[in-house]
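In: Model the structure of this input:
(one chain, ligands or ions: 1)
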Amino acid sequence: TEKKLWGGRFEASLDKQTEEFGASIKFEQRLAPFDLQGSLAHVKMLGATGIISADEAAKIADGLKKVEQQLVNGDIEFKLENEDIHMNMESYLHAEIGTVAGKLHTARSRNDQVATDMHLYLKATLTDVLSALKSLRTTLVNLADNQVDTIMPGYTHLQHAQPISFGQHLMAYYQMFTRDYERFEFNIKHTDINPLGAAALAGTTFPIDREMTTELLDFSKPYANSMDAVSDRDFILEFLSNASLLMMHLSRLCEEILLWCSNEFKFVTLSDSYSTGSSIMPQKKNPDMAELIRGKTGRVYGNLMGLLTVLKGLPLAYNKDLQEDKEGMFDSADTILTALAVMTGMLDTMKVNKDIMETSTQKDFSNATELADYLATKGIPFREAHAIVGKLVLDCTKQGIYLQDVKLADYQKLSNLIEDDIYDVLQSKTAVARRNSLGGTSFTSVKNQIAEARRSL
Ligand code: ARG
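Out: Residues are numbered from 1 along each chain as shown. Now for the predicted structure:
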């Protein structure tokens, strides 16, 4: 068999199973374009600093571009024997330009090379995540805008609490996804740093120019410490942690959608395009996608715990353990990008059953606070008002009626402060309209929130 790139000090070849166990090429092929980009910057720098001749640098750069073209054309076959993405790319470069290819790895190690690939990959991915999150936020704001006037029960303990605007409910999620957006934005700060030039761990004796590769790769700055550069995976952990919070938010929304489209609620109807059927029960239309996003939250949390555990107790600098940073990161990236797109589509196509939502606030006691507030406004201490209304709710429950069904004469027996205007106060629409405190559910407040969101989108 062929000699490994690192095969100089070895006499026997690698055990077959061991070779497979150690190889990362099967799961890191997507790093290929970033690996070539990093190599191109490195070789330009090697030429510019005179570490290799200008002619050699040009030949290598040219070869790298040819390999890049092969990659685009789908002509690259990744080989297990070449272990990882770096040696796979280098072997293609060698096939293109011969022995001069061997000069590319001057003043470089796979340790700073792989870190560079990961930074480049994640930086690009963060841009995709931000744009997917922006689409979801836009969808939520548009939906909220259409639903400002839709009244629904607001819940605490999953019990009807007070009537709210559906727009208010949706805008609460907008706020969560906006914080997610800001966290991913901040994630760029620690991802946008260039580890290239750290070499194996200690830097290099060659007169490299790290500022130059930093500029060529469009990083904001080089790592200040070579050992940190090759062992830092905080930027990935931040990503996995941000992804976990995002999935938690998506999963909460999924859970609500699942409740809302159940037969008991019927608040929303999901589009057929986001639902699936049953192989046995012909009537079924299942909200699988909401369940699946909720379910996939588990693997995203798992990826975070996985890498935290890998890094715990890891001595400086590079250790092969670090190779375990990849699958979880790719998996979380793929999962959140798909989950965001599916959620956005599901909300865009979801039908809101306004009447059912509103009706459900008329067959409950979610206006009890209105009556208590009414009495408090007329001077009755709130605690006393609370007790009066509580007793009345109990009586109503026994009679099978609601507060709006109580006759004025009966109200006046309770307190002569109650007048005819109480029936308007008790309407859910009025209850929503009057909650005009900053950030409250009044129609004006929800409209303000939407306008503010539109300004920041
Ligand atoms: N496949 C390795 C990784 O993902 C690349 C770096 C290998 N470096 C080494 N000294 N074995 O971490």
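In: count of residues packed around Ile164?
Out: Per other CB atoms under 10 Å, the neighbour tally for Ile164 reads 25. C-beta coordinates here come from the backbone N, C-alpha and C atoms, glycine included.
In: and what of Lys312?
Out: 7.
In: Thr361 now?
Out: Per other CB under 10 Å, the neighbour tally for Thr361 reads 22.
In: Same check on the one 4 residues further on?
Out: By the measure other CB under 10 Å, the count of residues near Phe365 is 18.
In: ok, now which ones touch it?
Out: Shown in contact with Phe365 (CB atoms under 8 Å, 6 or more residues apart in numbering): His160, Val393, Cys396, Tyr402, Leu403.
In: Looks like the third one contacts Val406 (just checking).
Out: Yes: in this structure, Cys396 sits in contact with Val406. The criterion is CB atoms under 8 Å, and the distance is 6.8 Å.
In: how close does the residue of the stretch 251-400 of the chain found nearest the ligand get to Gln283?
Out: Closest approach between the stretch 251-400 of the chain and the ligand, counting by CB to the nearest ligand atom: Gln323, at 3.6 Å. Distance, Gln323 to Gln283, by CB to CB, to the nearest Å: 50 Å.
In: swap in Ala41?
Out: Taking CB to CB, one finds Ala41 at 60 Å from Gln283.
In: More neighbours: these two, which one.
Out: Taking neighbours as other CB under 10 Å, Ala41 and Gln283 compare with Ala41 leading, 23 against 6.
In: Give me the neighbour count for Lys296.
Out: If we define neighbours as other CB under 10 Å, then Lys296 has 22 of them.
In: Spell out which parts of the stretch 101-250 of the chain neighbour the ligand.
Out: Arg110, Asn111, Val114 (CB under 6 Å from any ligand atom).
In: Now tabulate those in JSON lines and tack on pLDDT, neighbour count and secondary structure.
Out: Shown next, in JSON lines, are these (pLDDT from 0 to 100; neighbours: other CB atoms under 10 Å; DSSP: H, G, I helix; E, B strand; the rest coil):
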{"residue": "Arg110", "pLDDT": "98", "neighbour count": "20", "secondary structure": "helix"}
{"residue": "Asn111", "pLDDT": "98", "neighbour count": "21", "secondary structure": "helix"}
{"residue": "Val114", "pLDDT": "98", "neighbour count": "25", "secondary structure": "helix"}
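In: Including distance to Ala453, could these go into a markdown table?
Out: Shown next, in a markdown table, are those (distance: CB to CB, whole Å):
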| residue | distance to Ala453 |
| --- | --- |
| Arg110 | 46 |
| Asn111 | 44 |
| Val114 | 40 |
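In: for the residues you listed, which one is nearest Lys378?
Out: Val114 (72.2 Å; CB to CB).
In: Name the nearest residue to the closest one, ignoring sequence neighbours.
Out: His86 (6.8 Å; CB to CB, 6 or more residues apart in numbering).
In: for the helix or strand encompassing that neighbour, which positions count as buried?
Out: Element membership of His86, judged by DSSP states H and E, is helix 85-97. For helix 85-97, a neighbour-count test (16 or more other CB atoms under 10 Å) marks Ile85, His86, Met87, Asn88, Met89, Glu90, Ser91, Tyr92, Leu93, His94, Glu96, Ile97 as buried.
In: Now Met152: which helix or strand?
Out: Here Met152 is assigned to strand 151-156, by DSSP H and E.
In: which other helices and strands contact the helix or strand that that strand is followed by?
Out: Moving toward the C-terminus from strand 151-156, the next helix or strand (DSSP H and E) is strand 159-165. On a contact count with 3 or more CB pairs under 8 Å, 6 or more residues apart in numbering; DSSP states H and E, strand 159-165 meets strand 151-156, helix 428-433.
In: And for strand 159-165, what's in contact with it?
Out: Residues contacting strand 159-165 (CB under 8 Å, 6+ apart): 147-155, 360-361, 364-367, 369, 428-429, 431-432, 435, 441-443, 446.
In: which sections of this structure are below the confidence cut-off?
Out: The model of the chain has pLDDT under 70 over residues 1-2.
In: domains for it, by residue range?
Out: Per automatic domain parsing, the domain ranges recorded for the chain read 18-106, 111-146+163-203+224-354, 368-456.
In: The residue of the stretch 251-400 of the chain closest to the ligand - nearest residue in space that isn't next to it in sequence?
Out: Using CB to CB, 6+ apart, the closest residue to Gln323 is Ser24 (5.2 Å).
In: my guess is that neighbour meets Asp84, correct?
Out: Yes: using CB under 8 Å as the test, Ser24 is close enough to Asp84 to be in contact (4.7 Å).
In: quick one, which of these two is more surrounded?
Out: Taking Ser24 and Asp84 together and counting by other CB under 10 Å, Asp84 has the greater number of neighbours (22 against 18).
In: related to what we said a few turns ago, JSON lines for the contacts of Phe365, including neighbour count, distance to Asp62 and secondary structure?
Out: Putting those into JSON lines (neighbours: other CB atoms under 10 Å; distance: CB to CB, whole Å; DSSP: H, G, I helix; E, B strand; the rest coil) gives the following:
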{"residue": "His160", "neighbour count": "19", "distance to Asp62": "71", "secondary structure": "strand"}
{"residue": "Val393", "neighbour count": "15", "distance to Asp62": "82", "secondary structure": "helix"}
{"residue": "Cys396", "neighbour count": "17", "distance to Asp62": "85", "secondary structure": "helix"}
{"residue": "Tyr402", "neighbour count": "18", "distance to Asp62": "81", "secondary structure": "coil"}
{"residue": "Leu403", "neighbour count": "21", "distance to Asp62": "82", "secondary structure": "helix"}
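In: nearest to Leu240, of the helices and strands packed on strand 159-165?
Out: Across the helices and strands packed on strand 159-165, closest to Leu240 is strand 151-156 (CB to CB), at 31.4 Å.
In: which residues touch that closest one?
Out: The contact list for strand 151-156 (CB under 8 Å, 6+ apart) reads 160-166, 168-169, 267, 357-358, 360-361, 364, 366, 428-429, 432, 441.
In: Over to stretch 130-146?
Out: Taking CB under 8 Å, 6+ apart as the rule, stretch 130-146 contacts 166-168, 170-171, 173-174, 177-178, 180-181, 184-185, 246, 336-337, 340-341, 343-344, 347-348, 350, 352, 446, 449-450, 453-454, 457.
In: what does stretch 381-399 give?
Out: 365, 368, 371-376, 380, 402-403, 405-406, 414-415.
In: Could I get the full set of helices for the stretch 51-200 of the chain?
Out: 54-73, 85-97, 110-146, 166-191 (DSSP state H, counting those that start in this stretch).
In: What parts of the stretch 301-450 of the chain come near the ligand?
Out: Tyr318, Lys320, Leu322, Gln323.
In: Which one (most neighbours) among those residues?
Out: Leu322 (22 neighbours).
In: Starting from Met118, give me the distance back to it.
Out: Taken as CB to CB, the span from Leu322 to Met118 is 9 Å.
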